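here is my input, please return the structure:
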Amino acid sequence: MATVKQAQRRQLVSRLLWSVAIIAIIVFLSFLAGPKVGAIIEGLTPPQLPELTRASRREWLDQNWDQAMTRKFHHISQGTRTLPLPLSWLLALEEPVSSPWLMPFVSRGKFSANEYLLRFGFIESETSEENPRGLPVGIATTPYQSLTGINNKVTAVGFTCAACHTAHLTYGDTEYIIEGGPAATDLGQLTKALGAALGQTLISSKLPLFNGRFERFAKNVLKDDAYSDANVVLLGQELEALVINLASLPARVDIVEGYSRLDALNRIGNQVFALDPGRFDNYVAINAPVNYPHIWTSSWFDWVQYDGSIMQPLIRNAGEAMGVSADVNSTAPRGEKRFSSSIPIKNLKWIEGALKGEAPLPNKAFSGLLSPKWPDSFPPIDQARAEQGAALYQKVCKGCHLAPLDTDEIWDDKYIAPVTYYIDGLVRQTPEALLKLKMITLQQIGTDPAQAGVLLNRTVNTAGNASGGKFENTRGMGINTQICGPAAARPESPYARQDKKYRKAALVNIPISDGPAINFGLALGAIVQQVNNAWFAQNYISREDRAFYEERRPNCLRAGSSYKARPLNGIWATAPFLHNGSIATLMDLLSPPEQRPALVQLGDIAFDAVNVGLKKVTGLEKYAEDKYNGNGFFILDTSLPGNSNLGHEFSDAWDADKDWNQQQQGVIGPEFTLNERLALIEYLKTL
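Numbers count the residues shown, from 1 in each chain. A predicted model of the protein is given here:
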């Protein structure tokens with residue numbers, strides 16, 4: 001017994017000596033190399049995350065989906081590889097330790113466990129046929145995928161639609177799940193934590209005696225039958241290749257997204273035009289975050305995206321899959337299946353069908369995924385006050401946000417009708433009537449302009465001889481197709497009266513081909529079309545059936561300095577508000593701009609049923625520079641570009657003698673009294 005204790009003491013002393021040696025080496029290297037080693041240490045250090053708290057009960061709101069539909073939506077694959085490692089690695093990987101100094105001596109739970117992943121804002125999902133490993137909502141697996149650094153085809157792990165479009169909030173002791181609502185996840189923190197976990201595991205594989213983290217990883221990946229010295233060495237080599245590749249990719253962030261937000265358009269552009277083809281000169285720093293949009297009813301919008309830029313659902317959905325890293329080949333020679341992809345278009349069609357349901361006309365009813373109703377377990381709606389709010393809605397809100405969708409008025413053809421466009425000079429219409437959403441110019445609405453400027457101003461280089469990537473691009477990307485877009489207009493005289501109303505231009509077919517500086521929006525629409533066409537060709541889809549997949553809508557795209565005003569059904573369940581998530585509650589949104597909080601905490605899903613939105617938190621000033629507070633929640637600073645909380649203002653700057661479109665920028669109505677705000681909020685709870 002004494003001998004065993006002596007051996008244990010010797011082992012402990014040995015570990016301590018090695019720890020001192022490792023620390024001394026890193027400190028010495030830090031002294032020599034300075035910032036470079038500091039960056040390495042930072043990369044190995046995971047973010048501080050909120051503590052995991054679980055409500056005592058869960059409630060799914062009735063939104064016209066049964067359990068089978070919900071389960072499938074939560075985990076149906078879109079062919080994505082958002083997490084850049086095999087499923088077997090994810091299941092074996094340990095969460096990172098809080099400091100790389102502790103790495104040789106501490107073991108942690110699995111990275112994929114709910115106890116860790118839910119802290120990034122994900123929603124717990126049950127184990128089922130669609131989700132046999134019990135991964136959170138929105139995480140799906142796709143077999144037979146290629147990953148950089150991995151020598152064979154693997155099962156990949158990626159996001160599906162539900163990852164960004166399923167919401168949850170807590171009130172009292174209950175967690176409420178809202179299908180199609182805005183997610184509360186933080187992809188930036190997830191990326192940082194995953195990098196730290198992989199990096200720590202790689203460092204462990206290089207330590208002669210303190211490699212316990214890597215050994216545990218190897219045994220879980222390889223299992224008993226495949227575990228051998230040769231396979232362990234090969235696994236270490238693959239891990240090193242994967243980490244080196246990830247470290248080589250551009251990843252600059254100018255404006256931190258935080259919980260509940262994502263710079264979706266720039267991320268899609270970076271993935272499609274920079275990361276996938278290795279054209280790093282096309283990379284743009286993250287700078288225009290938006291709140292994850294809610295998607296009920298959106299299948300029947302004439303245009304989607306905050307800036308009203310896309311008409312066809314399949315283009316929208318395939319572009320989203322490409323943005324969260326579906327495998328797209330953009331380098332194969334022409335004639336050899338360039339633009340073939342891992343995107344299962346049939347799955348995208350199922351998702352869209354589940355969301356849209358049957359055509360609302362002639363039955364005058366929306367089906368598919370419906371907006372959530374104010375729960376009976378919430379404080380009851382004050383019906384008398386809601387009636388006062390209904391009158392205010394008719395007077396102040398309907399002009400932009402349309403008649404409420406639960407009224408007979410919405411079926412008037414001024415609100416819902418087919419869209420007209422021109423192809424090859426012929427006038428055509430969509431076969432189904434669509435909701436005609438109002439587009440409001442930035443000059444009028446006055447909200448943050450960053451997101452609207454992405455498609456309008458960003459350009460990409462798809463020509464040959466691009467530089468700055470993984471290899472020399474001697475050939476263009478191969479963009480060569482037609483899309484539908486607004487006809488070009490002549491510039492106006494500088495002396496002409498400036499009309500602030502959104503100008504509608506005829507939609508015509510536009511040829512798009514490779515170039516050194518082509519408009520990002522048009523290039524994206526074109527390349528997504530070619531990816532879809534490649535799938536149609538490889539799967540022998542007839543022209544008639546292609547129209548079925550495309551919802552019989554053209555691939556029309558547009559970019560302009562405007563944001564769309566969508567119907568407000570279910571708006572109570574979509575905090576934070578404005579397109580960039582800079583306002584916490586409906587009360588703040590309807591209050592004069594000087595009363596809106598300059599700092600907003602995101603990540604805590606506790607619901608304020610009175611002001612309707614996120615619980616207000618004070619004393620955030622000391623955390624503004626750090627971006628995250630001591631509890632791990634994100635602090636949104638509205639003074640930064642991309643984060644502005646201005647615009648959509650009801651204030652005393654309203655001039656009753658001027659037309660609506662002649663008001664001061666951002667002012668859309670007279671200041672509400674407190675009673676008027678409360679009445680309008682009460683009415684919005686009923687939608």
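
pLDDT score for the closest residue to residue 267 other than its chain neighbours?
Leaving aside its chain neighbours, residue 267 sits nearest to residue 323 (5.7 Å; criterion: Cβ to Cβ, 6 or more residues apart in numbering). In this view, the C-beta of every residue, glycine as well, is placed from N, C-alpha and C. Per-residue confidence at residue 323 stands at 94 (pLDDT).

tell me where the stretch 551-687 of the chain has strands.
Ranges of strands in the stretch 551-687 of the chain, per DSSP state E, counting those that start in this stretch, are 562-565, 599-602, 607-608, 613-614, 634-637, 649-651, 667-670.

count of residues packed around the closest residue in space to residue 419 that isn't next to it in sequence?
Residue nearest to residue 419 in three dimensions, not counting chain neighbours: residue 430, with 4.7 Å by Cβ to Cβ, 6+ apart. By other Cβ atoms under 10 Å, 19 other residues sit near residue 430.

so residue 430 touches residue 417, yeah?
No: in this structure, residue 430 is not within contact of residue 417 by Cβ atoms under 8 Å, at 9.3 Å.

name the spans of the stretch 501-650 of the chain whose pLDDT lies under the cut-off.
Where the stretch 501-650 of the chain drops to pLDDT under 70, the residues are 501-504.

cool, and the chain?
Ranges of the chain meeting pLDDT under 70: 1-39, 103-104, 465-474, 496-504.

break it down into its domains, please.
As recorded under automatic domain parsing, the domains making up the chain are 1-33, 39-248, 258-490+497-567, 571-684.

list the buried residues for stretch 291-301?
Buried residues in stretch 291-301, counted by 16 or more other Cβ atoms under 10 Å: 291-301.

quick one: end-to-end distance for it.
19 Å (Cα to Cα, to the nearest Å).

list the contacts of residue 215.
Residue 215 is in contact with residue 204, counting by Cβ atoms under 8 Å, 6 or more residues apart in numbering.

tell me if it really is in a helix.
Yes: counting by DSSP: H, G, I helix; E, B strand; the rest coil, residue 215 is found in a helix.

please report how far it lies from residue 208.
Using Cβ to Cβ, to the nearest Å, residue 215 is found at 12 Å from residue 208.

now do residue 305
From residue 305 across to residue 208, the span is 53 Å (Cβ to Cβ).

more neighbours: these two, which one.
Neighbours were counted for residue 305 and for residue 208 using other Cβ under 10 Å; residue 305 has more, 22 against 6.

what about that one, distance to residue 533?
Applying Cβ to Cβ to residue 305 and residue 533 gives a distance of 22 Å.

give me the phi and psi for the most centrally placed residue in the chain.
Of all residues in the chain, the one closest to the mean position by Cα atoms, centre = their mean is residue 262, 4.7 Å from it. Note on residue 262: its backbone torsions stand at phi -160, psi 140 [degrees, to the nearest 10].

what's the burial count for residue 478?
Using other Cβ under 10 Å, residue 478 has 19 neighbouring residues.

which SS class is it?
coil.

not counting its neighbours along the chain, what's nearest it?
In space, residue 478 is closest to residue 338, 5.3 Å off (Cβ to Cβ, 6+ apart).

picking that back up, which residues sit in contact with the residue nearest to residue 267?
By Cβ under 8 Å, 6+ apart, the residues touching residue 323 are 264, 267-268, 271-272.

out of these, which is most surrounded?
In terms of neighbour count, residue 272 stands highest of the contacts of residue 323 at 27 neighbours, by other Cβ under 10 Å.

doesn't that residue lie inside a helix?
Yes: assignment of residue 272 by three-state DSSP places it within a helix.

that one - nearest residue in space that isn't next to it in sequence?
Leaving aside its chain neighbours, residue 272 sits nearest to residue 322 (5.3 Å; criterion: Cβ to Cβ, 6+ apart).

repeat that for residue 410.
Leaving out its chain neighbours, the residue that sits closest to residue 410 by Cβ to Cβ, 6+ apart is residue 403, at 4.5 Å.

isn't the one you found up against residue 409?
Yes: the pair residue 403 and residue 409 passes the contact test of Cβ under 8 Å, sitting 3.9 Å apart.

where along the stretch 201-350 of the chain do the strands fall?
Going by DSSP E, counting those that start in this stretch, the stretch 201-350 of the chain shows strands at 261-262, 290-291.

residues contacting the residue nearest to residue 686 when sequence neighbours are not counted?
Once flanking residues are discounted, residue 686 sits nearest to residue 386: 5.5 Å by Cβ to Cβ, 6+ apart. Contacts for residue 386 (Cβ under 8 Å, 6+ apart) come out as 679, 682-683, 685-686.

surely residue 216 meets residue 106?
No: using Cβ under 8 Å, residue 216 makes no contact with residue 106, being 11.7 Å away.

these two - which one has more neighbours?
It is residue 216, of residue 216 and residue 106, that has more neighbours when counted by other Cβ under 10 Å, with 16 against 13.

need the contact list for the more buried one.
Applying Cβ under 8 Å, 6+ apart to residue 216 gives the contacts 92, 94, 107.

what is the nearest of those residues to residue 184?
In terms of Cβ to Cβ, no member of the contacts of residue 216 lies closer to residue 184 than residue 94, at 24.8 Å.

quick check on the closest residue to residue 512 other than its chain neighbours: phi, psi?
Of all residues not flanking residue 512 in the chain, residue 526 sits nearest, at 4.0 Å (Cβ to Cβ, 6+ apart). Per-residue torsions, residue 526: phi -70, psi -50 (degrees, to the nearest 10).

measure residue 526 to residue 220 for me?
As defined by Cβ to Cβ, residue 526 lies at a distance of 44 Å from residue 220.

compare neighbour counts for the two and give me the winner.
Legend: neighbour count by other Cβ under 10 Å for residue 526 and residue 220, higher for residue 526 (26 against 16).

now do the helices in the stretch 451-600 of the chain.
Assigned by DSSP state H, counting those that start in this stretch, the helices in the stretch 451-600 of the chain fall at 520-538, 543-549, 586-590.

list the buried ones in the second one?
The neighbour-count criterion (16+ other Cβ under 10 Å) identifies 546, 549 as the buried residues of helix 543-549.

counting by contacts, list what that helix packs against.
For helix 543-549, the helices and strands in contact under the criterion 3 or more Cβ pairs under 8 Å, 6 or more residues apart in numbering; DSSP states H and E are helix 520-538.

kindly export the helix it packs on (C-alpha atoms) in PDB.
C-alpha atoms of helix 520-538 as PDB (Å, rounded to 0.1, in the frame of the first residue of the first chain):
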ATOM      1  CA  PHE A 520     -23.000  41.000 -54.500                       C
ATOM      2  CA  GLY A 521     -26.800  40.700 -54.500                       C
ATOM      3  CA  LEU A 522     -27.000  39.900 -58.200                       C
ATOM      4  CA  ALA A 523     -24.000  37.500 -58.100                       C
ATOM      5  CA  LEU A 524     -25.500  35.700 -55.100                       C
ATOM      6  CA  GLY A 525     -28.900  35.200 -56.900                       C
ATOM      7  CA  ALA A 526     -27.100  34.000 -59.900                       C
ATOM      8  CA  ILE A 527     -24.800  31.400 -58.200                       C
ATOM      9  CA  VAL A 528     -27.700  30.100 -56.100                       C
ATOM     10  CA  GLN A 529     -29.700  29.600 -59.300                       C
ATOM     11  CA  GLN A 530     -26.900  27.700 -60.800                       C
ATOM     12  CA  VAL A 531     -26.500  25.500 -57.700                       C
ATOM     13  CA  ASN A 532     -30.300  24.700 -58.000                       C
ATOM     14  CA  ASN A 533     -30.000  24.100 -61.700                       C
ATOM     15  CA  ALA A 534     -27.100  21.600 -61.000                       C
ATOM     16  CA  TRP A 535     -29.300  19.700 -58.600                       C
ATOM     17  CA  PHE A 536     -32.200  19.700 -61.100                       C
ATOM     18  CA  ALA A 537     -29.900  18.300 -63.800                       C
ATOM     19  CA  GLN A 538     -28.300  15.700 -61.600                       C
END
